[in-house]
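In: here are the coordinates; sequence isn't available:
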């Protein structure tokens, strides 16, 4: 609704006036929302999670740990809105929702007697002041890498937008806020340089030895070997971020381990689709060259192998990759980069539609194709047909990776048109057809 209002206003007023008024409008909405709901974050322990990647998974693991520890906890992230035991999908196609919704969510959490709230926060949210008047007790920063460059004007501006969340926490009303950062990410030094007294870092080396496979991850915590039913080094880092946050809140180690061992993964994040087929099918949100590379490395034939007995399926005999470039009109720089990564790892590449907005989807995939070398590429703009095509290439022990959308509930097309969508559901439907034929 807000997006449509802005589209209409933009047509009738000069661009310089629009750009001047927009931030004031966003700030005013945030203030009104907070006043209307009586600043609920003042009375809750609020944990923010930000970063380029891993926010949704990290926030969900934190939520599960606090729940396991006996705290009634609420969660708002890209995937879901949960208060206690009541949960609903996030259909806004917006990680950090609008100001009134978020303040209402916090107010509801307070009325339902929640003590803790976990919020996923984005750089876009800072541009629109959605983080204003939400007082954080702790902030977890998973990582920072190149993303949303065109939206922010530069990578430096993007980092500063993330940093603004930490600065707001520091200048807020909560005493002794906690900052958690990834010590292995040098880009986060600007966060560590802030005068936040209670800072904690996490690093892979602090949880060694660890072992990665295509079926599970194990690592050392509290002098114990912990097995977690998720895959990928990036998911291990997300888990370690959550552990470090929980430890800073003095949650007992056994509660942390119990929550992690029960965690099956986040919807749309390395989500395995199993319908009885003899090959792997994975749906994931990966929508940058870096996140695609990290995902491909897990299932690539030369990727990480488990130590000891094999776990489930053998390593992939081939990779079939179905993807597009999300965000028409934005981040065009990353398109050939995504193509280069795919050509390095994938045996079969199918390029398809992924939120073109007002841009020609054929033009988008052609720009991705420019980065692909020495690999056959199929272009199928119809995303359903592209998924079916990817599945048709699979043989025993192949892996089909369908990336870019994750749990995104819509395909975004011209003039703000939304087509209801869910990669996992569509994939199951196409798999079912294949297995019946």
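Out: Great, that's in hand. Keep in mind that what you see is a predicted model, and the values were worked out from it rather than measured.

In: the spatially closest residue to residue 123 that is not a sequence neighbour - how many residues pack around it?
Out: Counting by C-beta to C-beta, 6 or more residues apart in numbering, residue 123 lies nearest to residue 161, which is 3.8 Å off, once chain neighbours are set aside. Heads up, the C-betas are built off the backbone N, CA and C, glycines and all. Here the count is done by other C-beta atoms under 10 Å, and residue 161 has 20 residues near it.

In: enumerate every residue touching residue 161.
Out: The contact partners of residue 161, taken as C-beta atoms under 8 Å, 6 or more residues apart in numbering, are 123, 126, 127, 152.

In: which helix or strand contains it?
Out: When elements are defined using DSSP states H and E, residue 161 is found to belong to helix 155-171.

In: not counting the helix or strand following that helix itself, show me its contacts.
Out: Reading on from helix 155-171 to the C-terminus, the next helix or strand found by DSSP H and E is strand 178-182. Contacts of strand 178-182 from elsewhere in the structure, counted by C-beta under 8 Å, 6+ apart, are 137-143, 166, 169, 188, 191-192, 194, 196, 198-203, 237, 241, 244-245, 248-249.

In: strand 178-182 pairs with which strands?
Out: Using DSSP bridges, the strands paired with strand 178-182 in its sheet are strand 138-141 (parallel), strand 198-202 (parallel).

In: so can I have JSON lines of those showing mean pLDDT, mean neighbour count and distance to residue 420?
Out: As requested, the strands paired with strand 178-182 are exported to JSON lines (pLDDT from 0 to 100; neighbours: other C-beta atoms under 10 Å; distance: least, C-beta to C-beta, whole Å):
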{"stretch": "strand 138-141", "mean pLDDT": "98", "mean neighbour count": "27", "distance to residue 420": "32"}
{"stretch": "strand 198-202", "mean pLDDT": "97", "mean neighbour count": "16", "distance to residue 420": "38"}
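
In: now for these, which one comes closest to residue 222?
Out: Shortest separation from residue 222 across these is recorded for strand 198-202, at 14.1 Å, computed as C-beta to C-beta.

In: OK, contacts around residue 119?
Out: Counting by C-beta under 8 Å, 6+ apart, residue 119 has contacts 46, 47, 48, 49, 59, 76, 77, 96, 102, 134.

In: tell me if I'm right that the fourth one and residue 117 touch.
Out: No - judged on C-beta atoms under 8 Å, residue 49 makes no contact with residue 117 at a distance of 11.2 Å.

In: so which of the two has more stuff around it?
Out: Regarding residue 49 and residue 117, a neighbour count based on other C-beta under 10 Å identifies residue 49 as having more, with 31 against 26.

In: in stretch 384-397, what counts as buried?
Out: Under the neighbour-count criterion of 16 or more other C-beta atoms under 10 Å, stretch 384-397 has 384, 386, 387, 388, 389, 390, 391, 393, 394 buried.

In: and what of stretch 227-247?
Out: Going by neighbour count (16+ other C-beta under 10 Å), the buried part of stretch 227-247 is 228, 230-232, 234-247.

In: got it, and stretch 330-337?
Out: In terms of neighbour count (16+ other C-beta under 10 Å), stretch 330-337 has its buried residues at 330, 331, 332, 334, 335, 336, 337.

In: re earlier: compute the inter-axis angle for the helix holding residue 161 and strand 178-182.
Out: Taking axes from the mean of the first three to the mean of the last three C-alpha atoms, to 10 degrees, one finds that helix 155-171 is oriented at 150 degrees with respect to strand 178-182.

In: what is the mean pLDDT for helix 155-171?
Out: When the per-residue pLDDT values of helix 155-171 are averaged, the result is 93.

In: just send the buried residues of stretch 330-337 back as a markdown table, with pLDDT and secondary structure too.
Out: Supplementary listing: the buried residues of stretch 330-337 in a markdown table, determined by pLDDT from 0 to 100; DSSP: H, G, I helix; E, B strand; the rest coil:
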| residue | pLDDT | secondary structure |
| --- | --- | --- |
| 330 | 73 | coil |
| 331 | 77 | coil |
| 332 | 87 | coil |
| 334 | 90 | helix |
| 335 | 94 | helix |
| 336 | 95 | helix |
| 337 | 94 | helix |
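
In: now, the most widely separated pair of the residues you listed?
Out: Of all pairs drawn from the buried residues of stretch 330-337, the one with the largest separation by C-beta to C-beta is 330 and 336; the distance is 15.1 Å.

In: okay, now residue 400: neighbour count?
Out: Neighbouring residues of residue 400 were enumerated by other C-beta under 10 Å; the total is 28.

In: tell me if it really is in a strand.
Out: Yes - the assignment for residue 400 (DSSP: H, G, I helix; E, B strand; the rest coil) places it in a strand.

In: does it touch residue 281 like I think?
Out: Yes - in this structure, residue 400 sits in contact with residue 281. The criterion is C-beta under 8 Å, and the distance is 4.7 Å.

In: who touches both of these two?
Out: 391, 394.

In: show me where the stretch 151-300 of the chain has helices.
Out: With DSSP state H, counting those that start in this stretch as the criterion, the stretch 151-300 of the chain has helices at 155-171, 189-192, 233-248, 253-262, 289-299.

In: rewinding a little: could I get the buried residue list for the helix holding residue 161?
Out: Of the residues in helix 155-171, those buried under the neighbour-count criterion (16+ other C-beta under 10 Å) are 158, 159, 161, 162, 163, 164, 165, 166, 168, 169, 170.

In: quick one: which of these is nearest to residue 88?
Out: Ranked by distance to residue 88 (C-beta to C-beta), these are led by residue 165 at 25.0 Å.

In: state the distance from that closest one to residue 230.
Out: The gap separating residue 165 from residue 230 is 26 Å, by C-beta to C-beta, to the nearest Å.

In: again with residue 75
Out: Taking C-beta to C-beta, one finds residue 75 at 17 Å from residue 230.

In: likewise for residue 38?
Out: Counting by C-beta to C-beta, the separation of residue 38 from residue 230 is 39 Å.

In: cool, residue 213 as well?
Out: Distance of residue 213 to residue 230, computed by C-beta to C-beta: 11 Å.

In: over to residue 374?
Out: Separation of residue 374 from residue 230 (C-beta to C-beta) stands at 33 Å.
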